[in-house]
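**Q** 3D model of this:
(chains A and B)
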Protein chains: 2
Amino acid sequence: MENEFAKRLPFWDKLSESEKEFVNTYSNVVEYEKGRIIHSDDDNCLGMIMMLEGEIRTYILSPEGREITLFRLYKNDCCVMSASCVIKEINFSSQMVAEKDCKILVISSGIFSRLAEKNIYVKCYMYEVLANKFSSVMITMQQILFKGFDKRLAEFLVAETDRTGTNVIKMTHQQIAQHTNSAREVVARMLKKFNDEGIVEVHRGVIKIIDKDKLENI
Amino acid sequence: MENEFAKRLPFWDKLSESEKEFVNTYSNVVEYEKGRIIHSDDDNCLGMIMMLEGEIRTYILSPEGREITLFRLYKNDCCVMSASCVIKEINFSSQMVAEKDCKILVISSGIFSRLAEKNIYVKCYMYEVLANKFSSVMITMQQILFKGFDKRLAEFLVAETDRTGTNVIKMTHQQIAQHTNSAREVVARMLKKFNDEGIVEVHRGVIKIIDKDKLENI
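**A** Predicted structure coming up:
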């Protein structure tokens, strides 16, 4: 049976004829209504998925039951977190929910795992997709950790310009770190962000406030 | 020039003769004293590393300058986070410090990147190593998020057995979640942890306290 969608898989051209047949036979197009849980700890895991239509959100739960979004999947995105039960590198739990009505191509976990064992390109793709998600997740984690620090730094800069009556702060990152109970690297990174957003201009030992209104509104 | 250590690289057998020569020529053994920063945002990135001796700790900084350890590297471990500048999937910043005197094999970023482009096995290995770290990092993140929930749940269970005068709590995970201001999945996971540690026994709709002392000490 021909599966027109399987041809869109990123590793399709790297499959042998018999592997192509294998994927054609064992992949399925599945539809999920908006709101349906597609993958969670409770279930057996689904397999590798490729989005044909719709949107999926992947999240973990905080102890308060708050959903912490890790990343979203859109048309043509592939994901292997939904095949977590066959990937030894994933030993944490996440949930996936259909944010819109979804149509997805599913290669079941067992089939995908056999394919990845036999074909280095499939294996490589599997890890590549994971590495990609790694970065999204690190950024989420840093956002959680750094929540509030932008505010703290902005408050300090505003207070300092008020205190000195100028829009130029002559302090090193290290000194600002001491004032804001932080670390030099953290201050440097946040100042760079402010700099990129046109709020301040950062020079060696000098910070010039460009947009004080914006700074006050952070 | 022969480099006796390069042969230990996990992908060595998958290199062509000319690639082997290339690696031999362009890899170096570098020693770092305890306490030295091996990789950080400030520097150009080092390259792929393989531990020959010692211990490396990889961490990120919290806004308070607290070091949040992501993972450690020991003898024979390889890492590619130190080659972050040539891996497009890594766009977050981390630090690496020598926790003990270290001897490491370094394949510089440019060389490693050319190798990964040409050789699918090197590329696959690079992503595999990242995927591995992904899991460590997710676990760290969940530990940060869930810090304190084990205590909250333990307190509730102790209070509940005191209140009812039995060591059996007849409640669903959902009900406990409501009492502890949490979510069913979170309660289920923490109870499973307690179960695995021999503190409680979890059955459908019933939690039996096995080791109340341990529960009180959490």
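**Q** shaky segments in chain A?
**A** For chain A, applying pLDDT under 70 flags the ranges A:1-2, A:41-43.
**Q** grab the most central residue of it for me.
**A** Centroid-nearest residue in chain A, with C-alpha atoms, centre = their mean: residue A:136, separated by 2.3 Å.
**Q** show me the contacts for it.
**A** By C-beta atoms under 8 Å, 6 or more residues apart in numbering or on different chains, the contact set of residue A:136 is A:70-71. Any C-beta I mention is one placed from the backbone N, CA and C, and that applies to glycine too.
**Q** and it, how far from residue A:72?
**A** Using C-beta to C-beta, to the nearest Å, one obtains 9 Å as the distance from residue A:136 to residue A:72.
**Q** with residue A:188 instead?
**A** Residue A:188 is 30 Å from residue A:72, where distance means C-beta to C-beta.
**Q** please apply the same query to residue A:195.
**A** When distances are taken as C-beta to C-beta, residue A:195 and residue A:72 turn out to be 29 Å apart.
**Q** go on, residue A:18?
**A** 35 Å.
**Q** on the three-state scheme, the closest residue to residue A:127 other than its chain neighbours is what?
**A** With C-beta to C-beta, 6 or more residues apart in numbering or on different chains as the criterion, residue A:127 has its nearest non-adjacent residue at 3.3 Å, and that residue is residue B:127. Look at residue B:127: counting by DSSP: H, G, I helix; E, B strand; the rest coil, its state is helix.
**Q** hmm, residue A:128 and residue B:127 touching each other?
**A** Yes - here residue B:127 lies in contact with residue A:128, judged by C-beta atoms under 8 Å, at a distance of 4.8 Å.
**Q** who touches both of these two?
**A** With contacts taken as C-beta under 8 Å, 6+ apart, the residues that reach both residue B:127 and residue A:128 are residue B:89.
**Q** between the two, which one's more packed in?
**A** Regarding residue B:127 and residue A:128, a neighbour count based on other C-beta atoms under 10 Å in any protein chain shown identifies residue B:127 as having more, with 25 against 21.
**Q** spit out the contact partners of the more buried one.
**A** Neighbour list for residue B:127: A:124, A:127-128, A:130-131, B:89 [criterion: C-beta under 8 Å, 6+ apart].
**Q** now do 10 Å
**A** When the contact criterion is C-beta atoms under 10 Å, 6 or more residues apart in numbering or on different chains, the partners of residue B:127 are A:89, A:123-132, A:134, B:80, B:87, B:89, B:116.
**Q** same deal with residue A:92?
**A** When contacts are counted by C-beta under 10 Å, 6+ apart, residue A:92 touches A:41, A:60, A:81, A:84, A:137, B:134-139, B:141-142.
**Q** equivalent analysis for residue A:210, please.
**A** Contact criterion C-beta under 10 Å, 6+ apart gives A:167, A:194-195, A:197-201 as the residues in contact with residue A:210.
**Q** strands - which of the residues you listed land there?
**A** Here DSSP state E is the test, and the contacts of residue A:210 give A:200-201 as lying in strands.
**Q** Throw the contacts of residue A:210 into JSON lines and include distance to residue A:34 and neighbour count, thanks.
**A** As requested, the contacts of residue A:210 are exported to JSON lines (distance: C-beta to C-beta, whole Å; neighbours: other C-beta atoms under 10 Å in any protein chain shown):
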{"residue": "A:167", "distance to residue A:34": "50", "neighbour count": "13"}
{"residue": "A:194", "distance to residue A:34": "38", "neighbour count": "23"}
{"residue": "A:195", "distance to residue A:34": "41", "neighbour count": "16"}
{"residue": "A:197", "distance to residue A:34": "35", "neighbour count": "13"}
{"residue": "A:198", "distance to residue A:34": "38", "neighbour count": "10"}
{"residue": "A:199", "distance to residue A:34": "38", "neighbour count": "20"}
{"residue": "A:200", "distance to residue A:34": "43", "neighbour count": "25"}
{"residue": "A:201", "distance to residue A:34": "46", "neighbour count": "14"}
